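A.B. asks: Quick one, fold the following:
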Amino acid sequence: MAKIVINHLGSIHHVEMDIKRVNIFIGEQATGKSTLCKAVYYFRNLKEVLLDYYYTVGQEGESSKGLLKELSSRLKDSFVSLFGYSWQLPADLSMDYYYSEQHWVKIKLMQAERKYISVEFSKILLEELQTLDNYANKFYESITAINGRSILPVLENKKFYEYLENEVSRILVDDMTTYYIPAGRGLLSLLCNQKT
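C.D. replies: Sure thing, here's the model as predicted:
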């Protein structure tokens, strides 16, 4: 079962909680319910970040940054979009998410003047993600060798993406899609800012 540990994020001083298939937070205003929801969404969204990254590698080749830097960069961007810039946050902020005992991601702020975001992956998680990265690179090499007029690349792309979905779900012990639905006034703000 997944678990989240948060220290000093918004109105949350400390929380340690098991994540279930459905989590409902009820409580008084300004107690950290929305912050907790955003944090859970942030970590569970790693699945989508990984799939996007691997699919891009499979179609365009290896990232110039490499796996670790690319994932860290994407997670930092996602963090800023959900929680704001890190230099406005307390220096002792930390967020840990355990997909399983051996698969975890930890976020904290560096002790520099601008408090940059530091992303740490467990060794075994990083090894498994690197294996998938190698697979995506090999797929790219094999697909570029096939004649572009064939239907084969389309079929191979479908199999490739299904394989990635299954593997990422297995690694993160999560076969569900996560949605973040903000509460009342946040939802109105979200809808007003949509470009439709």
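A.B. asks: how long is stretch 12-30 from one end to the other?
C.D. replies: Stretch 12-30 stretches 9 Å from its first residue to its last (CA to CA, to the nearest Å).
A.B. asks: For the remainder of this discussion, apply numbering that starts at 54.
C.D. replies: Will do, 54 is the new start, and the previous item becomes stretch 65-83.
A.B. asks: That stretch: which residues count as buried?
C.D. replies: Judged by neighbour count using 16 or more other CB atoms under 10 Å, the buried positions of stretch 65-83 are 65, 72. (C-beta placed from N, C-alpha, C; glycine too.)
A.B. asks: how distant is it from the center of its chain?
C.D. replies: Stretch 65-83 sits 19 Å away from the centroid of its parent chain (CA atoms, centre = their mean, to the nearest Å).
A.B. asks: mean confidence score for it?
C.D. replies: Here stretch 65-83 scores 90 as its mean pLDDT.
A.B. asks: ok, now stretch 191-203?
C.D. replies: The predicted model gives stretch 191-203 an average pLDDT of 75.
A.B. asks: And stretch 130-137, by the same measure?
C.D. replies: Mean pLDDT, computed over stretch 130-137, is 89.
A.B. asks: Could you do stretch 142-150 as well?
C.D. replies: Here the average pLDDT along stretch 142-150 is 92.
A.B. asks: what's the span of it, first residue to last?
C.D. replies: 19 Å.
A.B. asks: Mind listing what's buried along that stretch?
C.D. replies: Buried-residue list, stretch 142-150, by 16+ other CB under 10 Å: 142, 146, 147, 148, 149, 150.
A.B. asks: Kindly confirm my reading that residue 69 is in a strand.
C.D. replies: Yes - checked against DSSP: H, G, I helix; E, B strand; the rest coil, residue 69 lies within a strand.
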